[in-house]
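**Student:** fold the stuff below for me.
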Amino acid sequence: MSDNTQNLENTEKVDGETVNAAASAEKSPEAVLTEKLAHAEEKYKYLYADFENFKKRAIKERQDAMKYGWENVAGELLQVLDNFDRALQYAKPETDPNLISGLKMVSQQFITTLGKQGVTEIPAMGQAFNPELHEAVGQLPSDQPVGTIIQEHQKGFTLHGRLLRASRVMLSSGPAAN
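**Tutor:** Here you go, the predicted structure:
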């Protein structure tokens with residue numbers, strides 16, 4: 001036989017790996033079993049570590065789904081809150097004061113309920129513009145430093161620290177030029 005054919009005949013598969021039969025024959029059966037055991041233990045350690053990482057990842061994904069799962073609903077509810085604010089803002093002076101007081105209480109209760117679920121308002125007035133939290137819709141001359149928020153057109157909110165809706169704001173362009 002040729003050397004290549006003889007080498008192929010002298011190899012065997014051990015746990016998915018090709019091992020030279022001649023090299024295995026030189027070792028005692030105990031040594032071969034010890035190697036196999038060490039190899040199996042190593043595979044077990046890697047599989048166990050992968051499984052533990054999978055469990056941690058699954059728990060985190062489940063927690064995030066519970067924490068942020070109602071993000072779309074919260075965004076829709078913010079539109080209802082905006083309508084409450086508009087109703088209060090444009091209420092005529094001759095409107096029943098009890099009605100206005102009731103609307104203010106319902107609006108405040110709405111904000112409190114959203115707050116219990118992790119929705120918080122983004123502070124804007126007088127703050128420096130932050131493009132991660134604010135959306136600039138224009139600039140006006142004012143005595144405030146350039147880039148300071150001087151008007152808020154729409155309140156912004158976060159859900160557990162994640163941006164839910166950016167604040168729409170007007171920025172100061174500095175003092176008016178004469």
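
**Student:** okay, strands next: where are they in this structure?
**Tutor:** Listed in chain order, the strands of the chain (DSSP state E) span 11-14, 17-20, 119-121, 134-140, 149-154, 157-159, 162-165, 167-172.

**Student:** now for the ones you listed, which one comes closest to residue 56?
**Tutor:** Nearest to residue 56 among these is strand 162-165 (20.7 Å), distances taken as CB to CB. In short, each C-beta sits where N, CA and C put it, glycine included.

**Student:** got a list of what residue 127 touches?
**Tutor:** 134, 148-149 (CB atoms under 8 Å, 6 or more residues apart in numbering).

**Student:** walk me through the domains of this structure.
**Tutor:** The record's domain parsing of the chain by automatic domain parsing lists 3-67, 69-172.

**Student:** now the end-to-end length of the longest one.
**Tutor:** Counting by CA to CA, to the nearest Å, you get 37 Å between the two ends of domain 69-172.

**Student:** now that domain, how far from the centre of its chain.
**Tutor:** How far domain 69-172 lies from its chain's middle: 22 Å, per CA atoms, centre = their mean, to the nearest Å.

**Student:** do stretch 63-81 as well
**Tutor:** Its chain's average C-alpha position is 13 Å from that of stretch 63-81, according to CA atoms, centre = their mean.

**Student:** list the buried ones in the longest helix anywhere in the chain?
**Tutor:** Longest helix in the chain by number of residues, with DSSP state H as the criterion: helix 29-68. Going by neighbour count (16 or more other CB atoms under 10 Å), the buried part of helix 29-68 is residue 32.

**Student:** where does the chain dip in pLDDT?
**Tutor:** Applying pLDDT under 70 to the chain flags residues 1-25, 177-178.

**Student:** may I have the phi/psi pair for residue 124?
**Tutor:** Main-chain torsions, residue 124, degrees, to the nearest 10: phi -130, psi -50.

**Student:** residues contacting it?
**Tutor:** 134, 149, 152, 155-156, 167, 169.
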